[in-house]
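Peer 1: Provide a 3D model corresponding to the input given below.
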Amino acid sequence: MSKPPAHTAAAAAQAPKSKAGRNLPAAIGVGLALGGMCIAVLIFASEWWYLVVGIAMLIATWEVVKRLQEGGFDVPVIPLLAGTAAIIASSWQWRTTGVLVALASTVLIVMVWRLLSQGLNAAPVGYLRDLSASVLVLLWIPVLASFATDMVLQDHGAQRVFTLMIVVVCSDVGGYAAGVLFGKHPMVPAISPKKSWEGFAGSLTFGIVGAICCVVFLLDSQWWIGVILGIGLVFCATLGDLVESQVKRDLEIKDMGTLLPGHGGIMDRLDSLLPCAFVVWAVLSALL
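Peer 2: Model prediction:
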C-alpha cells in the first residue's frame with residue numbers, strides 16, 4: 001500500500017476537535033480574547049462601545065452577504081454595508097428612532113439598487129427573493145445589535161451589557177459541558193446533530209444561575225427577574241443558534257467565515273448574542 005499524501009498526514013496532525021465538533025483550545029483562546037476586549041472597553045472607554053459593535057457588525061454583514069452571493073442570491077454589498085454602519089451610528093445619536101429611520105432608508109435604497117442593477121427593461125429574476133434576503137440581513141445583524149448599543153446609555157448600562165454576555169456564555173458553557181458529558185438524545189438532528197436535550201438542560205441550569213447572579217450582584221435587583229431573564233435568554237440563544245444553523249444548511253456551508261479559529265466567522269459567534277441582545281433590552285427595560 002502507498003503512503004498517504006503529505007497534506008493528509010499534516011491534516012491528521014492538527015489539533016483534534018472535541019466531541020462537540022470544535023477545536024477547543026482555539027475556541028477558548030479566541031473567546032477569552034474577545035470577551036476581555038469587550039470588558040475593557042465597557043469599563044474604561046464605554047464611548048468606544050459603538051465603534052467596537054459597528055466594526056463587528058460590518059464584518060458579520062460582509063460574511064453573510066458573501067455567503068448569500070455564493071449561494072446564488074443577488075444581494076448588494078455596498079448598500080448593506082453602508083446601512084449597517086448607518087444603523088449603528090444612528091442608534092448612538094438618536095437611539096431607537098434613529099435605528100428605524102436608518103433601516104427604512106436602507107431598505108428603500110436596496111429596493112432601487114436591486115431594480116437598477118437588473119435593468120428597467122429586463123424581466124424580474126429573483127427580485128423578491130433577493131430583496132427579502134437583504135432585509136433579513138439588516139434585521140438580523142445591525143438592528144438586533146442596536147439593542148446592545150442602546151443599553152449602554154441606560155442606567156447601569158455597562159452592567160446590562162455584561163449581563164447579556166455573561167448569561168449567554170453561561171448558557172453556551174453549560175450546554176457544551178452537559179452535551180459532551182451526558183448528551184444521548186438529539187434535540188434537532190436535522191438542523192444541528194450535535195445538540196442534545198441533555199445539553200439544553202445544562203444550558204438552562206447554567207443560564208438561570210448566571211442570570212440570577214448578574215441581576216442580584218451587578219444590577220442590584222430582585223432574584224426572580226434573573227429567573228425570567230435566564231429562561232428567556234437560554235431559549236433565545238438556543239433558537240438563535242438553530243436559526244443560523246438552518247441558514248447555513250440551506251446554503252450548504254459549514255461556517256459563515258473563517259476569521260476566528262475554533263469559531264468560524266464573526267457571525268458564527270454572534271448567532272446567539274444578537275437575538276439575546278433584544279431580550280435583555282426588553283426584559284430589563286420592562287422590569288428594572
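Peer 1: Now do the helix or strand containing I87: which elements does it pack against?
Peer 2: I87 is part of helix 77-118 when elements are defined by DSSP states H and E. For helix 77-118, the elements it packs on are helix 49-70, helix 127-138, helix 144-150, judged by 3 or more C-beta pairs under 8 Å, 6 or more residues apart in numbering; DSSP states H and E. Heads up, the C-betas are built off the backbone N, CA and C, glycines and all.
Peer 1: Hmm, K184 is touching E198, no?
Peer 2: Yes - counting by C-beta atoms under 8 Å, K184 sits close enough to E198 to count as a contact (6.5 Å).
Peer 1: more crowded one of the two?
Peer 2: Between K184 and E198, counting by other C-beta atoms under 10 Å, E198 is the more crowded of the two (18 against 8).
Peer 1: what's near enough to touch that one?
Peer 2: 178-179, 182-185 (C-beta atoms under 8 Å, 6 or more residues apart in numbering).
Peer 1: I'd like to know which of the residues you listed are buried.
Peer 2: For those, a neighbour count by 16 or more other C-beta atoms under 10 Å gives the buried set as 178-179, 183.
Peer 1: and V112, how many neighbours does it have?
Peer 2: Neighbours of V112 (other C-beta under 10 Å): 10.
Peer 1: distance of it from V152?
Peer 2: For V112, the distance to V152 (C-beta to C-beta, to the nearest Å) stands at 34 Å.
Peer 1: pretty sure D220 is in a strand, no?
Peer 2: No - assignment of D220 by DSSP: H, G, I helix; E, B strand; the rest coil gives coil, placing it outside any strand.
Peer 1: Could you pull up phi and psi at it?
Peer 2: Dihedral angles of D220 (phi, psi; degrees, to the nearest 10) stand at phi 50, psi 50.
Peer 1: S272 too?
Peer 2: Main-chain dihedrals, S272, degrees, to the nearest 10: phi -90, psi -40.
Peer 1: Correct me if wrong: it contacts C170.
Peer 2: No - in this structure, S272 is not within contact of C170 by C-beta under 8 Å, at 11.4 Å.
Peer 1: so who does L153 touch?
Peer 2: The contact partners of L153, taken as C-beta under 8 Å, 6+ apart, are R95.
Peer 1: at 7 Å what do you get?
Peer 2: Residues near L153 by C-beta atoms under 7 Å, 6 or more residues apart in numbering: none.
Peer 1: Could you report the distance from it to L115?
Peer 2: L153 sits at a distance of 37 Å from L115 (criterion: C-beta to C-beta).
Peer 1: Also L259?
Peer 2: 33 Å.
Peer 1: Tell me which of the two has more neighbours.
Peer 2: A direct count of neighbours by other C-beta under 10 Å for L259 and L115 places L259 higher, at 17 against 14.
Peer 1: excluding its backbone neighbours, what's nearest the more buried one?
Peer 2: Leaving aside its chain neighbours, L259 sits nearest to G265 (5.2 Å; criterion: C-beta to C-beta, 6 or more residues apart in numbering).
Peer 1: Quick one: residues in contact with the longest strand seen in the chain.
Peer 2: Longest strand in the chain, counting residues (DSSP state E): strand 192-196. The contact list for strand 192-196 (C-beta under 7 Å, 6+ apart) reads 20-21, 179, 183-188, 242, 245.
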